[in-house]
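S.K.: fold the following and give me the result.
(chains A and B)
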Number of protein chains: 2
Amino acid sequence: MDPESWQLQARKGQDVLTNSIPKQYLVPSHQLPPPTQKNVVDFPRKSGLFTSKELGITELSASELVQEMKAGRLLAEEVVKAFLKRAVVGHQLVNFATEFMAEEAIARAKELDEYFRKTGKLVGPLHGVPISVKEHIGMKDRICNAAFVAWVEKTTDEDAILLQYLHKAGAVFHVRTNQPQSLMHLCCSNNITGTTLNPHNRTLTPGGSSGGEGASMGFKCAPLGIGTDIGGSIRAPAVFCGGYGFRPTAMRNPAGGIKVPFPGQESIRGVVGPMASSSIEDLDLFQRAVVDQEPWDMEPSLTPLPWKRVKQDRNMTVGIMWDDGCVRPHPPVARALQHAKSKLQAAGIKVVDWEPYKHDHGWEITAALYFPDAARSCLTLLESTGEPIHRLTTWAFSYSRSTPLTISENWDLNEKREIYRSEYHTLMKQKGVDFILGPVYPGAAAVLGESEYWNYTSIWNILDHPAVSFPSGLFVDQNLDQVDRGYKPRNEVDEREWKKYSPERYTDAPIGLQLAGKRFKDEETLAAAGLISEIILPKKEKARI
Amino acid sequence: MDPESWQLQARKGQDVLTNSIPKQYLVPSHQLPPPTQKNVVDFPRKSGLFTSKELGITELSASELVQEMKAGRLLAEEVVKAFLKRAVVGHQLVNFATEFMAEEAIARAKELDEYFRKTGKLVGPLHGVPISVKEHIGMKDRICNAAFVAWVEKTTDEDAILLQYLHKAGAVFHVRTNQPQSLMHLCCSNNITGTTLNPHNRTLTPGGSSGGEGASMGFKCAPLGIGTDIGGSIRAPAVFCGGYGFRPTAMRNPAGGIKVPFPGQESIRGVVGPMASSSIEDLDLFQRAVVDQEPWDMEPSLTPLPWKRVKQDRNMTVGIMWDDGCVRPHPPVARALQHAKSKLQAAGIKVVDWEPYKHDHGWEITAALYFPDAARSCLTLLESTGEPIHRLTTWAFSYSRSTPLTISENWDLNEKREIYRSEYHTLMKQKGVDFILGPVYPGAAAVLGESEYWNYTSIWNILDHPAVSFPSGLFVDQNLDQVDRGYKPRNEVDEREWKKYSPERYTDAPIGLQLAGKRFKDEETLAAAGLISEIILPKKEKARI
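M.R.: Numbers count the residues shown, from 1 in each chain, chains lettered A, B, ... in the order given. Sure, this is the predicted structure:
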């Protein structure tokens, strides 16, 4: 193809998006904040463009919305319309959507209302809950490009299995969201629908790869979203934008119908999981709604583990990981951890220090396994159209060796991974640590194009531990979060990450935390994170927006 | 190494065996049946060398033995001594052992008796049950050669995780058993401890790769044994020798400490599982004893599914697979299936025909995944000593392509496997079939060196369905099982297998059947097989030996 042809192809994806935007919600550009305004997260409340009911609806959690609909105080139709309006405005501000599905979503909401009117019952636990969906999660008869120009016209025959279960549970899908080229940046930029920005600070990335979802949660374009995560792609964007994200243990949520350039790669399993705008409870609601339907009956490779109802239990030991021993977290992250520790101790929770166990070794295994084919399956796709390769794509590919691994090398890495998992698990048992609380990323979010260090999140992928990311309730503070000029970085990577920091570069960034549990202790990890979140961020403090 | 050096190496393994045999049990050769006598299974009863108590003990099931010890009617010490005696004689007749552990086993049994005497309680659900163990399942401070001359001096630091759990449950390990070169024959011959024979007919193989275990079960050298299975290696030897075998769904039993030449291969997962001399109930007892201890706490990659207590349920639909569409079963196997069908129907069980679904396609995926490295890891080991490569090793290696798969090719096969699993599962649901009853192998056992067709068992490995093999109660009959001379084989493989049959070649061979259930329905599959076994082989008929 000649140089322009990829652009013509990409245009088709842009057209899908443009034609899908429900025009009635578009705000004239002169009413929008100027492009130089970094923080746009308060725009819905300050602009006067939203009714108080619309604001009220979009600031509720999914659980609260369901309660309101159950009580007959809200209709699914008005709920989805409020979120659609907020999503369109959000898209104008941070470019997070790849396709709106306004008509279908409203029709679906009306159907739900009609069902409720007739029966007095909800369709399911997610009755009328608008959910935004990362684009590479296939939808029947819609294009699923997974951010590759080569796939810009590829449609999907049926809804991804997860979406089928969510639909049965009453969900309403109203918007599909952006993702980075290759799906392997903790950032969110591609050659089709461009770059998504962080609503808290538009010079920052919303994170990635579920960056559109991060922005959707941060701007409250939906109470729940769906991301995918093989190295942090749910957890980083969730908290970069002030929201919540959950990476379940692999093989609990159905992955069928999610498009990736390397199906059949099983050494590190990508997972699909929920993101939420306002509570950990909603992450659990999502999981319950799916797993209660026994998805292993449609996807037999899943583990047939019912979703347990777990009560919060204050009798737990939380290990705090201040630093992974490789890259020192930036001052705001250190402050948030210190804040969490104080609050937890004050609340009587047992807190100990967690010494990271060979995270550098974990990363070595991880990095070699991300693109064991030397990224050839991705490169082939990219080269087939000649679309420009982004710097962070090259960055991600550089993790892999320059030639494909042999099968035997892949086996060696699998075995190392198994040994590492076993050692890590044993250590947690020996130390009596139930959960590990630590950073999500070295910084509170990342400047656009700069997110290069994955291992605060990817360590839980290689270990296959469930992990929840959630806001600390704190934001980068120009006074409190001064650069520590005396710090001597311990290695090149540490230096690279440390140099990125100054408080001015991260103005208004929310600071997130991450809690990891033991393998398959998904329910317990969510319950513990819920308790911790309530302790460090009491409900009243939540209403910063 | 020069041509003789591998033999010097191999001798070390032979010496381990020879030195370990408890001499007091050895029968002078003139008292043994002549080498030309094919069937030696009745020797313990007919020889007059065993007391009636010894015969009685060794003909009990594990469950019955535990009951007797619980009631104080038997001591663990007399139990293990009886089995040791029978095992030594069995070894003289069919060469099934690689190492006896008489002293340790007797000491352990005394310890158990002492515990019972003091407390009146059993140590666990396997209190005093002698268990034979396939050699490549590592034992602390013992050599674990996995049938490779190269490893003939390699010791193991600790007991395999499974053995640790069984020990806690009260098991007594008294003998380790033989396996074929490469661990990948449905036969049992290697360059260290030689060839194991089938006690029902010493011109037949006991099957493999857990062939030593097959013989151990068939000659009742232990009530329970432990095999491993990546293509039929538990199920084939179990029934070739008239016993019982269970391949659980992968990731239910702990695999840590089992030595294989290709750790880290995860595309088709080998599993470890129980074999039993006399009942399906014992297979369930074994599983319960292990899984009740929550082995995922030591091996975090396991699926944390408790072992359910499942009652037999006559309200089930059994699909009978008469033929896999590729290789027609020999007349005895067809007769046993017909027999089972009649008995099941007479008992009011719903029976339908099961049309095999693309078993040739299943085999294509399987065959390519057994040695995706073009068997190089195995060949390297073999070539390092120059030990001769057996015909069936070359045969197994020939499944693989001549050059190693690329990572991408491996991924494609993984994806095909997933699709095939999903399609097979869907079909079972659509047809309302809960379990599939079919052959274990084209023949009732195989003539030594001839077992070449794996797909009646390996199909359940690629699908990862649990499967139980058990005796039909029938044996090859010179009159009833005539060759069907009118049959026109449908392809070369079918012709090859068909030509192997004549009733004279399989005199006295027990005919086994196999029941497969849906993925992770392990408990239900064992319960159903237990019910079917009781229907087609009432208890009184069992006492043929």
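S.K.: give me every residue that touches the closest residue to residue A:432 other than its chain neighbours.
M.R.: Excluding the flanking residues, the one nearest residue A:432 by C-beta to C-beta, 6 or more residues apart in numbering or on different chains is residue A:317, at 5.4 Å. The way it works is simple: take the backbone N, C-alpha and C, and place the C-beta from them, glycine included. Residues counted as contacts of residue A:317 (C-beta atoms under 8 Å, 6 or more residues apart in numbering or on different chains) are A:350, A:351, A:352, A:432, A:433, A:434, A:435.
S.K.: next one: the first one from chain B, what distance?
M.R.: In other words, residue A:350. 21 Å (C-beta to the nearest C-beta, to the nearest Å).
S.K.: for the third one, same thing?
M.R.: As for residue A:352, its distance to chain B is 21 Å (criterion: C-beta to the nearest C-beta).
S.K.: now do residue A:101 against residue A:224, distance only.
M.R.: Separation of residue A:101 from residue A:224 (C-beta to C-beta, to the nearest Å) stands at 15 Å.
S.K.: related to what we said a few turns ago, mind giving me the ChimeraX command for buried ones among the contacts of residue A:317?
M.R.: Listed next is the ChimeraX selection for buried residues among these, using 16 or more other C-beta atoms under 10 Å in any protein chain shown:
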select /A:351,433,434,435
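S.K.: now for the contacts of residue A:317: which two are most distant?
M.R.: Farthest pair in these (C-beta to C-beta) is A:351 and A:432. Separation: 12.2 Å.
S.K.: low-confidence regions, the stretch 101-250 of chain A specifically.
M.R.: By pLDDT under 70, the stretch 101-250 of chain A contains no weakly predicted segment.
S.K.: helix/strand/coil for residue A:174?
M.R.: Under DSSP: H, G, I helix; E, B strand; the rest coil, residue A:174 falls in the strand class.
S.K.: and the helices in the stretch 1-150 of chain A?
M.R.: A:5-20, A:43-47, A:52-58, A:62-70, A:76-94, A:102-119 (DSSP state H, counting those that start in this stretch).
S.K.: make TSV out of the ones you listed and add distance to chain B.
M.R.: Converted to TSV, the helices of the stretch 1-150 of chain A look like this (distance: least, C-beta to the nearest C-beta, whole Å):
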stretch	distance to chain B
helix A:5-20	24
helix A:43-47	43
helix A:52-58	38
helix A:62-70	27
helix A:76-94	32
helix A:102-119	27
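S.K.: which strands and helices sit next to the host helix or strand of residue A:342?
M.R.: Per DSSP states H and E, residue A:342 falls inside helix A:331-346. The contact analysis (3 or more C-beta pairs under 8 Å, 6 or more residues apart in numbering or on different chains; DSSP states H and E) places helix A:331-346 against strand A:317-320, strand A:350-353, strand A:435-438, strand A:467-475, strand A:510-516, helix A:522-536.
S.K.: list the buried residues for the longest helix along chain A?
M.R.: Ranked by residue count under DSSP state H, the longest helix found in chain A is helix A:407-431. The neighbour-count check on helix A:407-431 (16+ other C-beta under 10 Å) flags A:407-418, A:420-422, A:424-425, A:428 as buried.
S.K.: can that helix be found next to chain B?
M.R.: Yes - counting by C-beta under 8 Å from any C-beta of the partner chain, chain B is contacted by helix A:407-431 at A:407-408, A:410-415, A:418, A:421-422, A:425, A:429.
S.K.: farthest-separated two in these?
M.R.: Most distant of those, by C-beta to C-beta, are A:407 and A:429, 33.2 Å apart.
S.K.: returning to what we had before: pLDDT on the helix holding residue A:342, on average?
M.R.: Per-region confidence: helix A:331-346 scores 98 on mean pLDDT.
S.K.: report the angle between that helix and strand A:467-475.
M.R.: 100 degrees (axes from the mean of the first three to the mean of the last three C-alpha atoms, to 10 degrees).
S.K.: excluding chain neighbours, give the residue nearest to residue A:400 in space.
M.R.: Per C-beta to C-beta, 6+ apart, closest to residue A:400 is residue A:371, 3.6 Å.
S.K.: center of chain A - which residue?
M.R.: residue A:234 (2.5 Å; C-alpha atoms, centre = their mean).
S.K.: verify the contact between that one and residue A:270 for me.
M.R.: No - using C-beta atoms under 8 Å, residue A:234 makes no contact with residue A:270, being 10.1 Å away.
S.K.: can you list residues touching both of the two?
M.R.: Contacts common to residue A:234 and residue A:270, judged by C-beta under 8 Å, 6+ apart, are residue A:228.
S.K.: thinking again about what came up before, okay but the residue nearest to residue A:400 is in contact with residue A:402, surely?
M.R.: No - between residue A:371 and residue A:402 there is no contact under C-beta under 8 Å: 10.6 Å.
S.K.: compare the two (neighbour count), which wins?
M.R.: Between residue A:371 and residue A:402, residue A:371 has the larger neighbour count (other C-beta atoms under 10 Å in any protein chain shown), namely 26 against 8.
S.K.: for residue A:254, give its distance to residue A:266.
M.R.: Counting by C-beta to C-beta - residue A:254 and residue A:266 are separated by 16 Å.
S.K.: of the helices of the stretch 1-150 of chain A, which stretch is the most buried?
M.R.: Mean neighbour count (mean count of other C-beta atoms under 10 Å in any protein chain shown) peaks for helix A:76-94 among the helices of the stretch 1-150 of chain A, with a mean of 25.
S.K.: now for that one, which elements pack on it?
M.R.: helix A:43-47, helix A:52-58, helix A:62-70, strand A:97-100, helix A:102-119, strand A:130-134, strand A:172-177, helix A:211-218.
S.K.: and with 6 Å instead?
M.R.: Applying 3 or more C-beta pairs under 6 Å, 6 or more residues apart in numbering or on different chains; DSSP states H and E, one finds that helix A:76-94 contacts helix A:52-58, helix A:102-119, strand A:172-177.
S.K.: run through who's touching that helix.
M.R.: A:25, A:27, A:40, A:44, A:54, A:57-58, A:65, A:97, A:102, A:105, A:109-110, A:112-113, A:128, A:130, A:172, A:174-175, A:196-197, A:199, A:215, A:219, A:221-222 (C-beta atoms under 6 Å, 6 or more residues apart in numbering or on different chains).
S.K.: give me that answer again for 7 Å
M.R.: A:21-22, A:25-27, A:32, A:40, A:43-44, A:54, A:57-58, A:65, A:69, A:96-97, A:102, A:105-106, A:109-110, A:112-113, A:128, A:130, A:172, A:174-175, A:196-197, A:199, A:202, A:206, A:215, A:219-222 (C-beta atoms under 7 Å, 6 or more residues apart in numbering or on different chains).
S.K.: great, nothing more from me.
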